[in-house]
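Participant: Provided below are the primary sequence and the corresponding predicted coordinates.
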Amino acid sequence: MAAIFAAGRGRRVLVLERTRDGGRKILVSGGGRCNILPSVAEPSRFVTDSSPNTLRKILTSWPLEEQRRFFEVEAGIPLALEAETGKLFPASNSARQVRDQLLALARRRGAEIRFEALASDLQPPAAPGDPWHIRLASGEEIAAASVIVATGGLSMPGTGSDGRGIDILRRLGQTIHETYPALTPLTLEPPRYTSLAGISRTVTLRAPGPKRTFSTRGGFLFTHRGYSGPAVLDVSHLAVRSRLAGGPPQSLRVQWTEMDAAAWNRLLRETPGTAFGLLRRHLPDRLAEALLADAGVEAGRPLPQLRREERLRLVEALADHPLPWTGDEGYPKAEVTGGGVALSEIDPRTMESRLHPGLFLCGEILDAFGPIGGHNFLWAWATGRAAGLGACAAEKISI
Ligand SMILES: Cc1cc2nc3c(=O)[nH]c(=O)nc-3n(C[C@H](O)[C@H](O)[C@H](O)COP(=O)(O)OP(=O)(O)OC[C@H]3O[C@@H](n4cnc5c(N)ncnc54)[C@H](O)[C@@H]3O)c2cc1C
């Protein structure tokens, strides 16, 4: 996106991409369909250790409506809304179309793209007016008036982003807020719910914190190693960070149905028949059995005979179930990286480093990520465009 906008303003642009074809995270995104944007931008759901105001300023610099128009009109990618999730996908449902048409647009606007070009270091200008030097792993050096670093974070390193860009920026003196895997599945060792693997539900997942309770509603999937699905991914950064901090593990509580504790309490008191008979009307059999076991209530127990403590344990298992977890799947399965370059060291209008004139940053390398639902591409597109335009506005020097 940075190359598209910089080349669109007539600058000579050279894209250096280490892989054979680039945009590999686009290819694997949204299950191969690429959830290109959300239908509603929600800056308040983003996570950063920098200023949320700066984040909001950057994120809203390219309004969602204009982004949609860009993809549909300029990139020639008609979009379709998935009504039940509020996510926007290419109407073709093809992530490859998104990747290929963005590359094609960059080329049409005059950008040159070099694949299998691994940048290994950056040398700032020796004196004002001098160029930057980009050193490639091959030993080649390239001079440039300005440099845009868009090397991503550390998530899913097989797609090309292994943190090398972050190391280069650290060497240049940029402050890096501690990085951690975010939007990553959680694990439980030893496993307790392997018989539930494959069961998926829409749940409400809560993570009580000292100041407020983080709450999200969405898909939940039992895996062989633990849990995944949008709700789990959205809350995973809190679990990961509690593990890294070495303190008590973040408590996670699941409400398995739309009914809250009060509604379940009422239903359990008023319904005749057995506990299992009632639960299986609202939950898959295997999950109903597991929750009854967790609550210590026999499946065949007649509900009118439940003791108060039994009923309250069952209400908790159904509407406020403490979800046991011991770890996470880390960067190999993380959709994004938490932490990254401090936003305070970036001019939010141009994405230029406040430490190094002529150096621009965009995308996942920055200290910000959003929830599942197209928000992370929204961030990547908005910051990429701003960096591309910012680099054009910077002082031109001849090389
Ligand atoms: C499985 C998965 C599914 C996802 N699905 C979605 C989704 O549906 N919707 C959504 O909004 N977000 C999704 N995301 C998140 C989204 O893909 C990222 O937020 C986004 O790709 C970040 O863009 P970026 O350009 O900053 O980094 P990246 O996409 O990681 O791109 C960085 C590029 O830089 C290259 N590179 C790295 N280092 C160097 C170097 N030293 N020299 C040269 N080249 C280098 C890499 O090869 C790569 O091509 C998903 C992520 C994953 C892993």
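Facilitator: Perfect, I can see it now.
Participant: how about the residues of the stretch 51-200 of the chain by the ligand?
Facilitator: L118, A119, A150, T151, G152, S155, M156, T159, G160, S161, R164, G165 (C-beta under 6 Å from any ligand atom). In this view, the C-beta of every residue, glycine as well, is placed from N, C-alpha and C.
Participant: which of these has the most neighbours?
Facilitator: Counting neighbours by other C-beta atoms under 10 Å, S155 leads those with 27 neighbours.
Participant: list the contacts of that one.
Facilitator: S155 sits next to S161, P181, A182, L183, T184, Y331, A334, E335, V336, T337, E364 when contact means C-beta atoms under 8 Å, 6 or more residues apart in numbering.
Participant: need the nearest residue in space to the fifth one, chain neighbours excluded.
Facilitator: Which is T184. Leaving aside its sequence neighbours, T184 sits nearest to A334 (C-beta to C-beta, 6 or more residues apart in numbering; 3.9 Å).
Participant: give me the residue from the stretch 251-399 of the chain nearest the ligand.
Facilitator: Of all residues in the stretch 251-399 of the chain, the one sitting closest to the ligand is G363 (2.2 Å; C-beta to the nearest ligand atom).
Participant: so how many other residues sit close to that residue?
Facilitator: G363 has 28 nearby residues by other C-beta under 10 Å.
Participant: and the one 4 residues further on, by the same measure?
Facilitator: The number of residues packed near D367 is 27, by other C-beta under 10 Å.
Participant: next one, pLDDT for it please.
Facilitator: Predicted confidence (pLDDT) at D367: the value is 98.
Participant: report the contact partners of it.
Facilitator: Contact partners of D367, counting by C-beta under 8 Å, 6+ apart, are T48, D49, S50, H177, G339, G340, V341, A342, L343.
Participant: could you identify the buried members of those?
Facilitator: Buried members of the contacts of D367, scored by 16 or more other C-beta atoms under 10 Å, are T48, S50, H177, G339, G340, V341, A342, L343.
Participant: excluding chain neighbours, what is closest to the fifth one?
Facilitator: Distance criterion C-beta to C-beta, 6+ apart; nearest residue to G340, sequence neighbours excluded, is D367 at 4.3 Å.
Participant: also the last one?
Facilitator: Once its chain neighbours are removed from consideration, L343 has its nearest residue in S50; the separation is 3.5 Å (C-beta to C-beta, 6+ apart).
Participant: would you confirm that that neighbour contacts G339?
Facilitator: No: if you go by C-beta atoms under 8 Å, S50 and G339 don't touch, sitting 9.6 Å apart.
Participant: still on that earlier bit, tell me who's in contact with the residue of the stretch 251-399 of the chain closest to the ligand.
Facilitator: By C-beta under 8 Å, 6+ apart, the neighbours of G363 are A150, G152, W379, A380, T383, G384.
Participant: tell me which of those residues is nearest to G209?
Facilitator: Comparing these against G209 with C-beta to C-beta places W379 closest, at 23.4 Å.
Participant: before we move on, which element is that closest one in?
Facilitator: helix 375-393 (DSSP states H and E).
Participant: mean confidence score for that helix?
Facilitator: Per-residue scores along helix 375-393 average to 97.
Participant: confidence score at the residue of the stretch 251-399 of the chain closest to the ligand?
Facilitator: 98.
Participant: what's the closest non-adjacent residue to it?
Facilitator: With sequence-adjacent residues excluded and distances taken as C-beta to C-beta, 6+ apart, G363 is closest to A380, at 4.5 Å.
Participant: for the one helix or strand Q67 maps to, give me every contacting residue.
Facilitator: Here Q67 is covered by helix 64-69, with elements defined by DSSP H and E. For helix 64-69, the external contacting residues (C-beta under 8 Å, 6+ apart) are L37, P38, S39, V40, A41, L79, L88, L378, W381, A382.
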